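Novice: Give me a model of this one.
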Amino acid sequence: MNKSQIETLLQQVQTGAMSVDEAVGQLKSMPYEDLGDAKIDNHRTLRCGFSEVVYCPGKTPAQITRIVVELVRHNHPVMLTKADENAFAAALEGAPTAIYHAVGRLVVIPAPDPPVSVGNVVVISAGTTDMPIAEEAAVTAETMGAKVTRVYDVGVAGAHRLFAHLDILNKAQVIVAVAGMEGALPSLVGGLAACPVIAVPTSVGYGASFGGVTALLGMLTSCAPGVSVVNIDNGFGAGYIAATINKQANQ
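Specialist: Numbers count the residues shown, from 1 in each chain. Now for the predicted structure:
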């Protein structure tokens with residue numbers, strides 16, 4: 001959207017030729033910023049409540065830098081997923097305030113006026129090895145304005161560890177349960193908690209876990225009510241959904 005279009009839109013609102021709601025509707029559908037090899041959706045926050053997120057694998061450092069510069073120029077919070085040290089260095093070229101969350105492999109550039117944390121998203125992991133995906137979910141939810149409580153290494157191989165945190169589960173507005181191997185943790189949590197449970201299968205496990213497929217199928221066939229499932233290793237997707245549910249519950 002260029003300056004002339006914005007001026008025309010505002011003039012129409014000022015003269016009464018267009019209502020505020022109609023103007024907002026047009027802003028939601030205005031064109032993206034075309035960088036050639038990337039098209040930046042600068043109106044996604046208006047439509048969806050959060051800005052476009054950058055998936056790093058397959059992108060060159062130069063592409064990442066250009067995308068970050070464009071997003072920051074519009075005062076968006078910026079989040080880069082599955083980011084390594086090279087992606088972080090590229091993000092720093094575009095935004096010196098970039099922060100690297102190494103465990104969850106996320107780069108976050110906060111908005112100038114970040115949201116106040118609200119609600120209660122609980123992120124739990126079956127094992128310590130599942131922590132990278134759990135942290136991806138937790139940091140995503142935090143960046144989107146959710147207050148997050150972490151409970152890690154409470155898998156079904158020692159279920160008493162989870163039972164020691166029942167008070168935390170009972171206070172959650174949404175739970176993200178991350179597990180590899182056979183993926184049993186979300187089913188157990190779904191039978192204990194009254195809130196929605198988002199199950200995240202990870203690629204952690206020995207041969208017959210098939211890189212997370214066994215955990216995925218186990219979660220999809222869970223007999224526990226209130227359990228939904230995202231794709232293998234998709235901590236970002238789970239954190240995004242959890243933050244969205246949490247936000248609606250606290251409006």
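Novice: Helices of the stretch 151-251 of the chain, residue ranges please.
Specialist: Assigned by DSSP state H, counting those that start in this stretch, the stretch 151-251 of the chain shows helices spanning 160-163, 166-171, 185-190, 213-220, 235-249.
Novice: Got phi/psi on the nearest residue to residue 78 once chain neighbours are set aside?
Specialist: Of all residues beyond its chain neighbours, the one nearest residue 78 is residue 109 (3.9 Å), with distances taken as Cβ to Cβ, 6 or more residues apart in numbering. Bear in mind the C-beta positions are built from the backbone N, C-alpha and C, glycine included. The phi and psi values for residue 109, taken as degrees, to the nearest 10, are phi -120, psi 100.
Novice: right, so the helices of the stretch 151-251 of the chain: which one is the most enclosed?
Specialist: Ranked by mean neighbour count under mean count of other Cβ atoms under 10 Å, the helices of the stretch 151-251 of the chain are led by helix 185-190, which reaches a mean of 25.
Novice: Please state the offset of that helix from the chain centre?
Specialist: Centre-to-centre, helix 185-190 and its host chain are 21 Å apart (Cα atoms, centre = their mean, to the nearest Å).
Novice: What is it packed up against?
Specialist: For helix 185-190, the packing partners by 3 or more Cβ pairs under 8 Å, 6 or more residues apart in numbering; DSSP states H and E come out as strand 118-125, helix 160-163, strand 174-179, strand 197-201, helix 213-220, strand 227-229.
Novice: mind redoing it with 7 Å?
Specialist: Using 3 or more Cβ pairs under 7 Å, 6 or more residues apart in numbering; DSSP states H and E as the contact criterion, the elements in contact with helix 185-190 are strand 174-179, strand 197-201, strand 227-229.
Novice: Residue 122 and residue 152: what is the separation?
Specialist: In this structure, residue 122 and residue 152 are separated by 11 Å, where distance is defined by Cβ to Cβ, to the nearest Å.
Novice: cool, and residue 226?
Specialist: Here the criterion is Cβ to Cβ. By it, residue 226 lies 22 Å from residue 152.
Novice: repeat for residue 225
Specialist: Residue 225 sits 25 Å away from residue 152 when distances are taken as Cβ to Cβ.
Novice: Between these two, which has more neighbouring residues?
Specialist: residue 152 (18 against 8; other Cβ atoms under 10 Å).
Novice: On the pLDDT front, check the more buried one for me.
Specialist: Turning to residue 152, the model gives it a pLDDT of 96.
Novice: Contacts only, for residue 168.
Specialist: 122, 149, 151 (Cβ atoms under 7 Å, 6 or more residues apart in numbering).
Novice: For the stretch 1-150 of the chain, give me the ranges with low pLDDT.
Specialist: Counting by pLDDT under 70, the stretch 1-150 of the chain contains low-confidence ranges at 1-5, 26-31, 33, 43, 46.
Novice: Which residue ranges of it form helices?
Specialist: So, for the stretch 1-150 of the chain - with DSSP H, counting those that start in this stretch - the helices run 3-15, 20-28, 44-48, 61-73, 85-94, 131-143.
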